[in-house]
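Colleague: Just a sequence and a predicted model for now, questions to come.
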Amino acid sequence: MAQYSRVSGTVGLITLQNPPVNALCAAVRQGIVEMLKKALSDSKVKSVVICGQNGIFCGGADIKEFGMNMSGPPLVQVIHAIEDANKPMVAAIEGVALGGGLELALGCHYRIAHSKARLGLPEVILGLLPAAGGTQRLPRLIGVPAALDLITTGRHVIAAEALQLGIVDQVTDHKTVDAAVKLAQSVAGKPLDARRISTYPCARPSDLDALFEGEMQKVRQRARGAIAPVACVQAVQAAATLPYTQGIEREKELMVTLFTSGQARALQYLFFSQRAVSKWSTPSGARWDTSKPGPIHKVAVIGLGTMGRGITVALAQTGLSVVAVETQEKQLMGAKKAVSNMLEQGAKRRGVAPTLDKISYSPNIQAIADADLVIEAVFEDMALKKQVFQQLAAVCKPGTFLCTNTSSLDVDQLASQTRSPELVVGMHFFAPAHVMKLLEVVYGPRTSPQAVATAMELGKKMGKVSVAVGNCQGFVGNRMLKLYLEQAFFLLEEGATPELVDRALEEFGFAMGVFRMSDLSGLDVGWKVRKGLMLGETDVSSGQSARIRQGCRYSPLGDLLCEQGRFGQKTGQGWYQYDKPGGRVASSDPWLHSFLESYRAKHGLVARHIDHQEVLERCLYAMINEGFRILEEGIAAGPEDIDVIYVFGYSWPRHRGGPMFYADMVGLAKVLERLEHYQQAHPDVPYLQPCSLLRRLVASGSPPIQRWREVIKKPHSQL
Ligand SMILES: CC(C)(COP(=O)(O)OP(=O)(O)OC[C@H]1O[C@@H](n2cnc3c(N)ncnc32)[C@H](O)[C@@H]1OP(=O)(O)O)[C@@H](O)C(=O)NCCC(=O)NCCSC(=O)C[C@@H](O)CCCCCCCCCCCCC(=O)O
């Protein structure tokens with residue numbers, strides 16, 4: 001797993017060999033120790049280069065090992081052996097040097113990177129800290145503020161920035177290993193004491209205490225309950241205040257706490273889930289590895305409202321040709337300006353040229369005739385979308401993939417408007433579409449595997465985390481969200497306030513509670529959807545029936561607010577009040593509280609005390625229960641798909657892994673017991689009835705989430 005050779009007569013070359021990313025598994029660590037011994041004992045060798053096979057230096061510690069009993073030489077000791085070597089050690093960094101990979105490079109006496117290489121310490125994203133000396137060496141090398149930035153955010157830097165920060169000594173555009181060998185030859189025989197980073201003093205800014213205090217405050221605020229970023233600050237503080245040997249002890253101590261935490265498990269589960277969802281499959285047997293995407297050179301976007309504009313920006317940024325169609329001239333002019341602004345701002349941020357020339361605009365749908373794929377993004381209205389699909393069927397060349405950006409409408413009904421329903425697929429983007437990472441790719445019963453593969457591939461090109469899901473009302477994300485929102489409304493009826501519900505959810509880790517979020521996205525959005533489902537018409541004549549729709553409990557609270565013109569931030573009033581329309585700072589609204597009181601009085605409801613625990617259980621378990629139904633119906637292929645959707649599309653706190661992972665952490669038996677409890681208390685809410693898959697999982701001994709698929713696959717009849 002590590003190979004040794006001698007090159008150019010005097011340079012030992014150690015090559016890490018563990019595809020695909022040369023992760024530092026036990027065998028690689030053992031290999032490094034053995035090859036290092038060889039190199040150091042070879043009298044012809046004057047200096048040593050460490051590189052990785054296949055143009056990748058190293059992706060860090062082997063994350064798969066973290067769930068097992070660790071064996072082999074500890075990475076910290078391997079790196080100490082490298083740093084202690086009496087011959088110059090040079091890291092030749094190509095591809096990536098991440099986590100333990102960068103720590104390995106920091107143990108070397110010199111570092112050279114290819115200009116396209118990326119470096120970073122992303123452990124914090126996995127709920128860990130760089131515990132192979134990274135928190136102690138990096139601040140000694142580049143200073144405390146820069147090290148804090150890299151370690152607490154986990155961000156990658158490209159070689160040029162690494163050079164500027166002082167992480168690497170040289171950057172090359174040529175063959176990195178050859179350049180490293182040259183560097184190794186040039187430093188052979190030179191003294192090494194000044195090259196061992198662990199011996200450097202850590203430069204201390206004069207206002208050290210204030211710096212760490214400020215950093216800790218910032219990090220805690222951003223972390224929303226995640227413990228790893230806080231531990232990262234503490235570890236760097238140890239580097240700044242303690243000798244290296246004590247600092248490394250502190251690093252280990254902090255790592256042990258993180259390593260065994262539920263948060264680290266959640267974040268590592270998410271790492272693998274994010275990769276698992278790209279290996280999609282459907283109940284009909286279509287799969288990622290047997291379905292080839294169609295070639296896409298030109299994409300059309302129909303409708304340039306907020307969503308269409310964001311989609312156009314995201315497409316142009318991939319370098320694809322885009323034809324953007326908007327039939328209303330005024331809207332078209334506005335869109336042109338807005339899209340250009342967004343592209344220019346994005347390009348400035350990324351330090352690249354804006355791709356304005358990739359887009360052609362037209363008021364005429366005929367302009368899309370030669371597009372390979374069309375994304376319809378008109379208003380969320382089935383009749384309108386059907387009309388557009390009829391036009392698309394008439395205008396597009398044969399074989400064009402027809403995609404609809406819908407958040408909940410039936411993709412199959414739209415497919416019926418065309419002669420080639422197999423080419424129709426949903427692409428549910430999230431607003432703002434050029435920013436949000438999630439894309440739900442929705443296949444209908446007639447969608448071809450190639451259409452799914454094409455939409456998934458396009459999503460990947462656009463930098464999205466794409467998840468393939470089946471066609472149902474609201475797909476995965478919004479179907480679950482509906483129940484979460486509804487439970488929050490019910491809690492208000494029963495005695496809670498928006499402030500109490502939001503506080504409970506924000507303490508759980510959501511960036512915004514349900515009511516603040518609803519104010520931000522606009523209450524009218526859901527109102528329109530409910531009206532479309534015939535749910536949003538308030539029956540003022542009958543007190544009781546206003547709270548029962550289609551035979552189930554219903555809360556008209558959101559509708560009543562909309563009827564008052566309270567649409568949230570945009571109107572300056574919603575569940576909270578704002579200083580002006582468009583204002584962003586929510587404050588408690590006495591009007592809303594008295595409105596709730598009179599609403600309860602009118603409907604004979606007596607307010608009771610509701611605590612945070614009940615808020616979490618009602619809102620989250622209702623949603624999780626629906627998640628089990630979604631799995632049972634095969635709408636999502638596995639719990640990973642649901643969790644990725646929630647983390648990337650709905651701001652579910654990452655360190656809690658996603659709703660289904662959370663259910664696993666809480667314990668399935670407990671979730672079942674609480675759902676049974678709430679179902680008894682609220683018999684008029686049928687969806688609180690525990691899903692039979694949940695019952696089956698509990699009956700099978702509550703296997704860990706990684707084994708749920710085995711139970712899902714078992715047909716009901718075997719129960
Ligand atoms: C590297 C990437 C940027 C590549 O991206 P790309 O898009 O090209 O490819 P993929 O992401 O699809 O990946 C391909 C493939 O590779 C797998 N993979 C990637 N990285 C790793 C990895 N590090 N380990 C294992 N597997 C990996 C990935 O899953 C894909 O597999 P598939 O089957 O789907 O094909 C990108 O992959 C990336 O960003 N990777 C992660 C980089 C990263 O986060 N690195 C940091 C790792 S953590 C680390 O390095 C820790 C070290 O600081 C410290 C180690 C010291 C440990 C000491 C422990 C002491 C604690 C003791 C406690 C004891 C407690 C007790 O038990 O009592």
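Modeller: Right, received. Where do you want to start? Numbering: from 1, shown residues only.
Colleague: Can you name the next helix or strand after the host helix or strand of E213?
Modeller: E213 is part of helix 208-223, with elements assigned from DSSP states H and E. Once the chain leaves helix 208-223, the next helix or strand it forms, by DSSP H and E, is helix 228-241.
Colleague: quick one on the thing from earlier: so which bits of the helix holding E213 are buried?
Modeller: Residues of helix 208-223 classed as buried by neighbour count (16 or more other Cβ atoms under 10 Å): L211, F212, E215, M216, V219, A223. No exception for glycine: its C-beta is placed from N, CA and C like everyone else's.
Colleague: Tell me how many other residues surround the residue lying closest to W591 once chain neighbours are set aside.
Modeller: With sequence-adjacent residues excluded and distances taken as Cβ to Cβ, 6 or more residues apart in numbering, W591 is closest to Q577, at 7.4 Å. Neighbourhood size, Q577 [other Cβ atoms under 10 Å]: 18.
Colleague: Any idea what Q577 is bridged to?
Modeller: Q573, S587 (DSSP bridges).
Colleague: looking at it, it is touching D589, isn't it?
Modeller: Yes. Q577 lies in contact with D589 (Cβ atoms under 8 Å); the separation is 4.0 Å.
Colleague: Which residue does this structure have closest to the ligand?
Modeller: Minimum separation of the chain from the ligand (Cβ to the nearest ligand atom) falls at G99, amounting to 2.4 Å.
Colleague: I figured that residue was touching P130, is that so?
Modeller: Yes. Using Cβ under 8 Å, G99 is in contact with P130, at 6.4 Å.
Colleague: So the two - more neighbours on which side?
Modeller: A side-by-side neighbour count of G99 and P130, using other Cβ under 10 Å, places P130 first with 32 against 29.
Colleague: What residues does that one make contact with?
Modeller: Taking Cβ atoms under 8 Å, 6 or more residues apart in numbering as the criterion, P130 is in contact with G99, G100, L102, E103, L121, E123, L138, I151.
Colleague: Can you pull the phi/psi pair for the closest residue to it other than its chain neighbours?
Modeller: If the residues on either side of it in the chain are set aside, P130 comes closest to L121, at 4.4 Å by Cβ to Cβ, 6+ apart. Main-chain torsions, L121, degrees, to the nearest 10: phi -120, psi 80.
Colleague: okay, L121: pLDDT?
Modeller: The predicted local distance difference test score for L121 is 98.
Colleague: so where's this protein shaky on pLDDT?
Modeller: Low-confidence segments of the chain, defined by pLDDT under 70: 534-545, 714-719.
Colleague: Can you point out the helix or strand that includes the residue nearest the centre of the chain?
Modeller: Nearest to the geometric centre of the chain sits F648, at 3.9 Å (Cα atoms, centre = their mean). Assigned by DSSP H and E, F648 belongs to helix 639-649.
Colleague: Tell me the helices and strands packed up against the helix or strand just after that helix.
Modeller: Toward the C-terminal end, the helix or strand that comes next after helix 639-649 (DSSP H and E) is helix 659-666. The contact analysis (3 or more Cβ pairs under 8 Å, 6 or more residues apart in numbering; DSSP states H and E) places helix 659-666 against helix 262-276, helix 622-632, helix 639-649.
Colleague: Restrict the helix or strand that helix 659-666 is followed by to CA atoms and write it as CSV.
Modeller: Going down the chain from helix 659-666, the next helix or strand is helix 668-681, by DSSP H and E. What follows is helix 668-681 as a C-alpha-only set of coordinates in CSV (Å, rounded to 0.1, in the frame of the first residue of the first chain):
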residue,chain,number,x,y,z
LEU,A,668,-36.9,3.6,16.8
ALA,A,669,-38.8,2.1,19.7
LYS,A,670,-39.0,5.5,21.4
VAL,A,671,-40.2,7.2,18.2
LEU,A,672,-42.8,4.5,17.8
GLU,A,673,-44.0,4.9,21.4
ARG,A,674,-44.2,8.7,21.2
LEU,A,675,-46.1,8.5,17.9
GLU,A,676,-48.6,6.0,19.5
HIS,A,677,-49.0,8.5,22.4
TYR,A,678,-49.7,11.5,20.1
GLN,A,679,-51.9,9.4,17.8
GLN,A,680,-54.1,8.6,20.8
ALA,A,681,-54.2,12.2,21.9
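Colleague: The next helix or strand along the chain from helix 668-681 packs against which elements?
Modeller: Going down the chain from helix 668-681, the next helix or strand is helix 692-699, by DSSP H and E. Helix 692-699 sits against helix 622-632, helix 668-681, helix 708-713, with contacts defined as 3+ Cβ pairs under 8 Å, 6+ apart.
Colleague: The helix or strand containing R250 vs the ligand: in contact?
Modeller: R250 is part of helix 244-259 when elements are defined by DSSP H and E. Yes. Using Cβ under 6 Å from any ligand atom, helix 244-259 reaches the ligand at M255, V256, F259.
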